[in-house]
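Asks: just to be clear, the model below is a prediction. Sequence and coordinates:
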Number of protein chains: 2
Amino acid sequence: MAESATRRVSEAPRTAVGRDGVLDIAARLFREQGYGTVSLRKIAEAAGIKAGSIYYHFGSKDEIVVAVLDVGIQVVHDNMQQAVSALPKDTGAETILRAAIAAHLRALLDLSDYTSANVRIFGQVPQSVRDANLPTRRAYEAEWDTLMSRLQERGALKPDVDIRRLRLMLIGALNATLDWFDPERGSAEALSRTYADVFLNGILERQDT
Amino acid sequence: MAESATRRVSEAPRTAVGRDGVLDIAARLFREQGYGTVSLRKIAEAAGIKAGSIYYHFGSKDEIVVAVLDVGIQVVHDNMQQAVSALPKDTGAETILRAAIAAHLRALLDLSDYTSANVRIFGQVPQSVRDANLPTRRAYEAEWDTLMSRLQERGALKPDVDIRRLRLMLIGALNATLDWFDPERGSAEALSRTYADVFLNGILERQDT
DNA sequence: GTCTATACGAAGATAGAC
DNA sequence: GTCTATCTTCGTATAGAC
């Protein structure tokens, strides 16, 4: 992922944004405007360089897009993995799932233009680009499946829920927040609590009865 | 909405597909390929006419897209409204919500290229096109809000859930199925039951305790 | 590492014949 | 209602100077 700590915002840099700088800008534009309307000329302009110069760093537009997509998944994957592994060994299922949900939403809504760009444009890019991003995606999906399978074996989840379908439902629901999330109406943190409330009460075995 | 009962599939029509025919084709292509990659030339070719001829029926590409988007919402709106109003007056909250969820998913996954095209491309079209589709969307959203508010007043939903947020979560989750739904892995009907199971147990007041 | 200049294709759109 | 022909703009991409 690009190191963007020193990137300028309103003032166009006169020199050497570099590969990572271009990538940061591309991710932000893809997140804001989608895939189709973001041309290399737009990316170049936002980076303060000329369109042709981009080809010093990348071989094609697709190469940029693939890089953005891959980083986007890696960020959310790392975030989720660390949030879960930071918990004590004897942590309950509900707390684990709440941490994973919160980590996913945090990466998507607060942390990373790369992750939000991925969710926003994945359905818009050429098939070849999607294919290139698939292995990285699969790894993240497997992380969720492993987590939920462990919880199910523990007896913490209803035994009849299909893990794959549950993962698709949950991730799909979380990613959909990108279309309407407004930080002025409440934090991503608060939102993740609501999602956990709704999903967990449908997923967890009832303690009473 | 276009009358497509007699539309040919593999054989290119030699004449007069008409405005509705063009619209049907456009909806199908938008659903399959997204907004950016579907050109007027592609639509024309699939319709068996030349690109220039489209301008006899429509003033611009945007005009086609707006028409597709509007019909897409109208179809799912009608479907949901009828499914709910067909129920007896004293029907319980759970049955009502299950019917509404099933109707939404049916329109999206089984019934209409227009509805699936809407969900697929709304995030890809120019702002002006989104704005044109907004009133129709608002009406459908209001339908859901009215339904759920009534149920909440009845005491059927937890009193602390925010209706607007709940609607965004639910519709967002349902629409996300478009990205991965595979009829060979189970029907839309079965899928709607799973969604109802998960959401209702988080939404409905617990009967026990 | 970035520039200028340019090749090439594809897009939306229009005009007038049939 | 549809065709042919064409205009104009904008996209990705390349070549060679600095």
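Replies: Here it is on my side, so go on. Numbers count the residues shown, from 1 in each chain, chains lettered A, B, ... in the order given.

Asks: tell me the residues of chain A that contact chain B?
Replies: A:34-37, A:120, A:123-124, A:126, A:165-166, A:168-169, A:172-173, A:175-177, A:179-180, A:194-195, A:197-203, A:206, A:208-209 (Cβ under 8 Å from any Cβ of the partner chain). Backbone N, C-alpha and C define where each C-beta goes, glycine included.

Asks: out of the residues you listed, which are buried?
Replies: Buried members of the residues of chain A next to chain B, scored by 16 or more other Cβ atoms under 10 Å in any protein chain shown, are A:34-37, A:120, A:123-124, A:165-166, A:168-169, A:172-173, A:175-177, A:194-195, A:197-203.

Asks: burial check on residue A:189, number of neighbours?
Replies: 12 (other Cβ atoms under 10 Å in any protein chain shown).

Asks: grab the nearest non-local neighbour of it.
Replies: Spatially, and ignoring its direct neighbours in sequence, residue A:189 is nearest to residue A:102 (6.7 Å; Cβ to Cβ, 6 or more residues apart in numbering or on different chains).

Asks: quick one: contacts of the strand or helix carrying that neighbour?
Replies: Counting by DSSP states H and E, the element that carries residue A:102 is helix A:93-106. Contact with helix A:93-106 is made by A:76, A:79-80, A:82-84, A:86-87, A:144, A:147, A:151, A:154, A:156-157, A:170-171, A:174, A:177, A:188-189, A:191-193, A:195-196, A:199-200, A:203-204, as judged by Cβ atoms under 8 Å, 6 or more residues apart in numbering or on different chains.

Asks: also stretch A:135-145?
Replies: By Cβ under 8 Å, 6+ apart, stretch A:135-145 touches A:69-70, A:73-74, A:76-77, A:80-81, A:100, A:163-164, A:167, A:170-171.

Asks: so for it, what's the average pLDDT?
Replies: Per-residue pLDDT over stretch A:135-145 has a mean of 98.

Asks: who are the packing partners of the host helix or strand of residue A:28?
Replies: Element membership for residue A:28, per DSSP H and E: helix A:18-33. Applying 3 or more Cβ pairs under 8 Å, 6 or more residues apart in numbering or on different chains; DSSP states H and E, one finds that helix A:18-33 makes contact with helix A:40-47, helix A:54-57, helix A:61-85, helix A:113-121.

Asks: look up phi and psi at residue A:92.
Replies: For residue A:92, the backbone dihedrals (degrees, to the nearest 10) come out as phi -70, psi 160.

Asks: and the gap between the closest residue to it other than its chain neighbours and residue B:119?
Replies: The shortest distance from residue A:92 to any non-neighbouring residue, by Cβ to Cβ, 6+ apart, is to residue A:156 (7.7 Å). Taking Cβ to Cβ, to the nearest Å as the measure, residue A:156 falls 33 Å from residue B:119.

Asks: which regions of chain A lie under the pLDDT threshold?
Replies: A:1-16, A:202-209 (pLDDT under 70).

Asks: quick check: residues of it near DNA strand D?
Replies: Counting by Cβ under 7 Å from any atom of the strand, the positions of chain A adjacent to DNA strand D are A:39-42, A:51-52, A:55, A:59-62.

Asks: hang on, the earlier thing: in helices, which of the buried ones among the residues of chain A next to chain B appear?
Replies: A:120, A:165-166, A:168-169, A:172-173, A:175-176, A:194-195, A:197-203 (DSSP state H).

Asks: got a list of what residue A:41 touches?
Replies: Listed by Cβ under 8 Å, 6+ apart, the contact partners of residue A:41 are residue A:51.

Asks: relative to DNA strand C, how far out is it?
Replies: 9 Å (Cβ to the nearest atom of the strand, to the nearest Å).

Asks: now do residue A:162
Replies: Going from residue A:162 to DNA strand C by Cβ to the nearest atom of the strand gives 40 Å.

Asks: and residue A:96, by the same measure?
Replies: Taking Cβ to the nearest atom of the strand as the measure, residue A:96 falls 43 Å from DNA strand C.

Asks: now residue A:157. Its backbone dihedrals?
Replies: The phi and psi values for residue A:157, taken as degrees, to the nearest 10, are phi -110, psi 150.

Asks: that one contacts residue A:150, doesn't it?
Replies: No: counting by Cβ atoms under 8 Å, residue A:157 stays clear of residue A:150, with 9.7 Å between them.

Asks: and the two? which has more neighbours close in?
Replies: Neighbours per residue (other Cβ under 10 Å) separate residue A:157 from residue A:150, with residue A:157 holding more: 21 against 13.

Asks: what strand or helix carries residue A:90?
Replies: Counting by DSSP H and E, residue A:90 is found in no helix or strand.

Asks: ok, it - how many residues close by?
Replies: 5.

Asks: how close does it get to residue B:90?
Replies: 48 Å.

Asks: looking at chain A, which helix is longest?
Replies: helix A:127-153.

Asks: and it, what's buried?
Replies: Across helix A:127-153, burial judged by 16+ other Cβ under 10 Å covers A:129-130, A:132-133, A:136-137, A:140-141, A:143-144, A:147-148, A:151-152.

Asks: cool, and stretch A:177-192?
Replies: Applying 16+ other Cβ under 10 Å to stretch A:177-192 flags A:177-178, A:181, A:188, A:191-192 as buried.

Asks: which of those residues lies closest to residue B:28?
Replies: When those are compared for distance to residue B:28 (Cβ to Cβ), residue A:178 wins out at 26.4 Å.

Asks: now residue A:192: which helix or strand?
Replies: Element membership for residue A:192 (DSSP H and E) is helix A:188-203.

Asks: which residues touch that helix?
Replies: A:94, A:97-98, A:101-102, A:104-106, A:108-110, A:157-158, A:161, A:166, A:170, A:173-174, A:177, A:181, B:165-166, B:169, B:197-203.

Asks: 6 Å - rerun?
Replies: The contact list for helix A:188-203 (Cβ atoms under 6 Å, 6 or more residues apart in numbering or on different chains) reads A:94, A:98, A:101-102, A:105-106, A:109-110, A:157, B:198, B:201-202.

Asks: now, the most widely separated pair of those?
Replies: The farthest-apart pair in the contacts of helix A:188-203, when distances are taken by Cβ to Cβ, is A:110 and B:201, at 28.9 Å.
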